[in-house]
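*Asks:* okay, structure incoming, though there's no sequence with it:
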């Protein structure tokens, strides 16, 4: 039997639930409905307008490409439940907006939902007639694969190296409708407040950003500093004033995620090492023992 979601999540303050609870809801729905594409059904209903300030930032772009880059930057920097990537290679563009968390045991439905949302976001910016070239899912091939073909209307590749929506890069040059000056000014003011909140507790902001960065395998100090619109040396000085360093924060986040995975999942040590971006399980075990005083296996047994 799949774990049941707790009834209290439906009356939680603000209507927010954790990734773990949503995972249990997906599992319960899959079991009750005998459907292995519950996540796809879930993701179909989330549109650009549901993303709050992230949607406003996207619509501020002069072109679709500008809007998507704004969206990616906002999602990856602020306290949102998603990470996003946009990659352009020649005539191909690949976009991925994903609901993801390190502790997920079965991420299939999150993956399916994220692909549906990714297509919705692109369609909301490009117009109802837009279609992707191909949709790729890193999850295994579902029994009810026809549901995906019917929804996306294009080939869907499963067991792919990564989940993404591929489309013609020329679409990025499409202009977006210009916003009224008053609306643009209001969005700029809201963004300024959000930026001040980020800098008010820089270590906490970096810990959150690094959790997301570890999901997309891009966590160099130069890139993170650029994401915060500052030079690496500026970031270093600000962290020194907070009595910490980038390296210390990165190792603390890796350690936090590793402990969470050891406690809450049955992932192999190798898989956990990969999740926190160590080159090998042996290197991970050495670093973990240095911080924790015991091996990952000993820690798991003790918990």
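*Replies:* Cool, got the structure. All values reported here derive from a predicted model rather than from experimental measurement.
*Asks:* OK, contacts around residue 62?
*Replies:* Contacts of residue 62 were listed using C-beta atoms under 8 Å, 6 or more residues apart in numbering, and they are 175-176. Backbone N, C-alpha and C define where each C-beta goes, glycine included.
*Asks:* next: residue 144.
*Replies:* For residue 144, the contact set (C-beta under 8 Å, 6+ apart) comprises 35-37.
*Asks:* out of these, which are buried?
*Replies:* Buried members of the contacts of residue 144, counted by 16 or more other C-beta atoms under 10 Å: 35-37.
*Asks:* low-confidence ranges, this protein, go.
*Replies:* 1-15 (pLDDT under 70).
*Asks:* what about the strands in the chain?
*Replies:* Ranges of strands in the chain, per DSSP state E, are 82-89, 92-99, 134-136, 156-157, 164-168.
*Asks:* quick check: which of those is nearest to residue 121?
*Replies:* strand 92-99 (5.8 Å; C-beta to C-beta).
*Asks:* got the buried residues for that closest one?
*Replies:* Those would be 93-99, for strand 92-99 by 16+ other C-beta under 10 Å.
*Asks:* and stretch 140-150, by the same measure?
*Replies:* Buried-residue list, stretch 140-150, by 16+ other C-beta under 10 Å: 142, 147-148.
*Asks:* right, and residue 217 touches residue 277 too?
*Replies:* Yes - judged on C-beta atoms under 8 Å, residue 217 makes contact with residue 277 at a distance of 6.5 Å.
*Asks:* compare these two (neighbour count), which wins?
*Replies:* The neighbour comparison of residue 217 against residue 277 (other C-beta atoms under 10 Å) goes to residue 277, with 16 against 9.
*Asks:* give me the neighbour count for the residue nearest to the more buried one when sequence neighbours are not counted.
*Replies:* Nearest residue to residue 277 in three dimensions, chain neighbours excluded: residue 214, at 5.8 Å (C-beta to C-beta, 6 or more residues apart in numbering). Neighbourhood size, residue 214 [other C-beta under 10 Å]: 19.
*Asks:* what of residue 199?
*Replies:* Here the number of neighbours of residue 199 (other C-beta under 10 Å) works out to 11.
*Asks:* now residue 240
*Replies:* When neighbours are counted by other C-beta under 10 Å, residue 240 registers 10.
*Asks:* related to what we said a few turns ago, wait, which of the strands of the chain is closest to residue 236?
*Replies:* Among these, strand 82-89 comes nearest to residue 236, with 24.6 Å by C-beta to C-beta.
*Asks:* give me the contact list for the closest one.
*Replies:* Counting by C-beta under 8 Å, 6+ apart, 65, 68-69, 71-72, 75-76, 93-100, 114, 164, 169, 172, 212, 215-216 sit against strand 82-89.
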